[in-house]
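In: Turn this into a model:
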Amino acid sequence: MKILMVLTSHDELGNTGRKTGFWLEELAAPYYAFKDAGAEIVLASPKGGQPPLDPKSNEPSFQTEATHRFEADKEATAQLAATVRLDSVSQADFDTVFYPGGHGPLWDLAEDAHSIALIESFLAANKPVALVCHAPGVLRHVKTPAGRPWVEGKKVTGFTNSEEAGVELTDIVPFLVEDELKAKGGVYSKGPDWGSYVVSDGLLITGQNPASSAAAAAVLLEHMSRI
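Out: Sure, this is the predicted structure:
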């Protein structure tokens, strides 16, 4: 099994002067779920090379067993430092794709033509797509062959409005994931803030927040085991 993981290249948190990027737990937990299952993993980002880490995700209170393992893993950190450019990857080379979150994807991957086309290609090839936390926001422009929003009528979740308010970024982010998924016709649901919550609907697997990253990866692996 070969899995593509797509990370953001965006590092500016709006006009705050603060840094953002990908959320470490949302990379590390799925990365090891996939690796321990024997999968081959390729990391990609729009600009290639080292993607920006949301510095907040590396604070002690947000570190987990998986993040500690990742940071001590020379092979994994070397792979992260050399992500391939997103416009160089092909759906045909992978069995599935996983998008970790962090706030960065709201600025770049949500509007990235290569990312949009890549997700549409995976879905057209009947391959599952999994996204966690803010990453479900990158589905905002993904469409069906008929030109309708892909999430329309589908059960989805993602970072909640109340979670965004909790981190005081409601007025900073370009859009709210919960509002956007609802606006596109998604059948949005959520669990308690900061708890693990994953929704699966056909080829689409979404997780609500960082705590959902391991569970979303597990659901994806279970899905792949049935193919």
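In: In terms of helices and strands, where is the residue of the chain positioned farthest from its centre?
Out: Computed with Cα atoms, centre = their mean, the residue of the chain farthest from its C-alpha average is Ala146, at 24.8 Å. Under the criterion of DSSP states H and E, Ala146 resides outside all helices and strands.
In: how close does it get to Ala124?
Out: 12 Å (Cβ to Cβ, to the nearest Å). Every C-beta, even on glycine, is put in place using the N, C-alpha and C of the backbone.
In: So which other helices or strands are in contact with the helix or strand hosting Ile119?
Out: Element membership for Ile119 (DSSP H and E) is helix 113-124. Judged by 3 or more Cβ pairs under 8 Å, 6 or more residues apart in numbering; DSSP states H and E, the packing partners of helix 113-124 are strand 96-99, strand 129-132.
In: tell me the most buried of these?
Out: Mean neighbour count (mean count of other Cβ atoms under 10 Å) peaks for strand 129-132 among those, with a mean of 30.
In: residues in contact with that strand?
Out: For strand 129-132, the external contacting residues (Cβ atoms under 8 Å, 6 or more residues apart in numbering) are 26, 30, 96-101, 119, 122-123, 138-139, 158, 203-210, 212-213, 216-217, 219-220.
In: show me where the protein has strands.
Out: All strands of the chain, identified by DSSP state E, fall at 2-6, 40-45, 84-85, 96-99, 129-132, 155-156, 187-188, 198-201, 204-207.
In: List the buried residues for stretch 218-227?
Out: Buried residues in stretch 218-227, counted by 16 or more other Cβ atoms under 10 Å: 218-221, 223-224.
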